[in-house]
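Q: below: sequence and its predicted model.
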Amino acid sequence: METKEVINRHVTLKDYIVGEPKESDFVLKSCTFSLKLEEGSQDVLVKHLYFSIDPYQRARMKYYSSSHKAPFASVLNPGSVIDTYGVAKVIISNHPDFKEGDLVVGMIGIQDYSIITPATGLLTKIKYTDIPLSNYVGVLGLTGFTAYAGLHNVCSPQKGEQVFISAACGSVGHLAGQFAKLQGCHVVGSCGSKQKVELLKNRLGFDDAFNYKEEPDLNAALKRCFPRGIDIYFENVGGDMLEAVLENMNVHGRIAVCGAISQYNRDKPEGVTDPMKLVYQRIKMQGFLAADYLNSFPEFIEKTRGYLIDGRIESLEDISDGLESVPSAFVGLFQGHNVGKKIVRLHA
């Protein structure tokens with residue numbers, strides 16, 4: 001039988017990125033690709049459907065000298081296919097656990113097709129298809145799990161506690177806030193526009209929200225929103241926002257450090273100027289990765305799918321179409337363009 005050949009496009013970096021990312025930092029390339037597998041392998045060949053676009057990837061796009069350790073095991077080198085979390089469909093399988101037509105999720109390259117060895121643990125079969133497939137790179141993917149693990153495993157929220165979420169209209173923040181509401185907490189979010197403020201309060205059920213761009217004094221804004229102080233802070237921003245939060249944390253407050261998007265493009269990130277606030281208030285401030293809590297992932301999937309089906313949480317998805325939209329999708333994350341989870345869709 002003649003092997004079918006297709007054009008396989010992929011996205012890579014032109015060079016390591018310095019400062020604010022630009023669309024011109026990315027290159028869309030293509031090559032011919034044979035739709036076949038090596039005999040005797042246990043590989044699967046998949047067609048890609050959805051890609052997750054995430055701010056944390058910015059740290060993988062920098063150059064790191066031998067004296068500066070990279071924060072991630074795998075730096076994205078210019079010319080290499082950028083990998084991310086995504087959904088795909090099995091086209092050909094040599095693996096006994098996967099068959100043609102299966103829908104899968106895992107780490108895949110930002111390209112049309114790829115060959116994956118499931119034994120590496122990079123691929124999982126999608127169990128439920130009664131919800132949109134895009135959910136598996138958002139609310140039911142590593143994004144949703146980051147919100148869930150950061151809130152529950154790091155902060156252990158209790159009913160009635162005061163919870164603040166920065167970047168609350170972002171991919172993680174809008175879910176962390178809803179998970180906190182399900183625990184009976186009072187939840188306030190910050191975001192970057194009036195429209196996003198209204199969305200948080202009127203659609204997602206936040207108790208209050210404010211546009212940080214319209215607040216000349218973040219400390220005063222937090223005192224207004226939290227007259228009883230903050231018990232839990234889900235940190236997505238860093239910089240001045242973190243400084244203001246530390247002024248308003250209650251004794252034995254907890255901070256889950258998920259990210260610091262305001263600092264990713266700086267050569268010299270801003271730090272906390274008075275760390276003794278952590279001491280005086282006996283605050284627990286903990287950085288985390290979703291991978292730290294993967295033993296909770298099956299529980300997370302079951303609970304969160306139930307929340308989606310019965311309408312107790314809503315997933316915001318900002319979807320662009322085509323590989324050519326990847327550069328603008330990524331750059332837009334740092335300009336506040338996305339509302340909720342940024343996703344790129346292919347072949348849907």
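A: Structure's in. What do you need? What you are looking at is a predicted structure, and each value in this text was computed from that prediction instead of being measured.
Q: okay, CA-based contacts and neighbour counts for the rest of this
A: Will do.
Q: helices of the stretch 101-250 of the chain, residue ranges please.
A: Here the stretch 101-250 of the chain has its helices, by DSSP state H, counting those that start in this stretch, at 142-149, 173-182, 194-202, 218-225, 239-246.
Q: alpha carbons only: can I get the last one in CSV?
A: In other words, helix 239-246. Taking Å, rounded to 0.1, in the frame of the first residue of the first chain, the C-alpha atoms of helix 239-246 are listed here in CSV:
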residue,chain,number,x,y,z
GLY,A,239,5.7,43.2,41.4
ASP,A,240,3.6,46.0,42.9
MET,A,241,0.6,43.8,43.3
LEU,A,242,2.4,41.4,45.6
GLU,A,243,3.8,44.3,47.6
ALA,A,244,0.3,45.7,48.2
VAL,A,245,-1.1,42.2,49.1
LEU,A,246,1.6,41.8,51.8
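Q: mind giving me the packing neighbours of it?
A: Judged by 3 or more CA pairs under 8 Å, 6 or more residues apart in numbering; DSSP states H and E, helix 239-246 is in contact with helix 218-225, strand 230-235.
Q: out of these, nearest to L175?
A: For those, the distance to L175 is smallest for strand 230-235, at 11.0 Å, taking CA to CA.
Q: residues making contact with the closest one?
A: 150-151, 155, 157, 161-166, 173, 176, 242, 245, 248-260 (CA atoms under 8 Å, 6 or more residues apart in numbering).
Q: so of those residues, which ones are in strands?
A: 162-165, 249-257 (DSSP state E).
Q: okay, those residues in TSV with pLDDT next?
A: Formatted as TSV, these follow (pLDDT from 0 to 100):
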residue	pLDDT
Q162	98
V163	98
F164	98
I165	98
M249	97
N250	98
V251	97
H252	97
G253	97
R254	98
I255	97
A256	97
V257	96
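Q: what's the closest of those residues to M61?
A: V257 (20.9 Å).
Q: ok so, going back, tell me the one among the ones in strands among the contacts of strand 230-235 nearest to N211.
A: Nearest member of these to N211, counting by CA to CA, is I165, at 12.3 Å.
Q: how about the strands in the stretch 201-348 of the chain?
A: Using DSSP state E, counting those that start in this stretch, the strands found in the stretch 201-348 of the chain span residues 208-211, 230-235, 249-257, 284-287, 317-321, 341-345.
Q: for I116, which of the ones you listed is the nearest?
A: For I116, the closest of the strands of the stretch 201-348 of the chain is strand 341-345, at 19.7 Å, according to CA to CA.
Q: partner strands of the longest strand anywhere in the chain, with direction?
A: Scanning the chain for the strand with the most residues, using DSSP E, yields strand 83-93. Using DSSP bridges, the strands paired with strand 83-93 are strand 44-52 (antiparallel), strand 103-109 (antiparallel).
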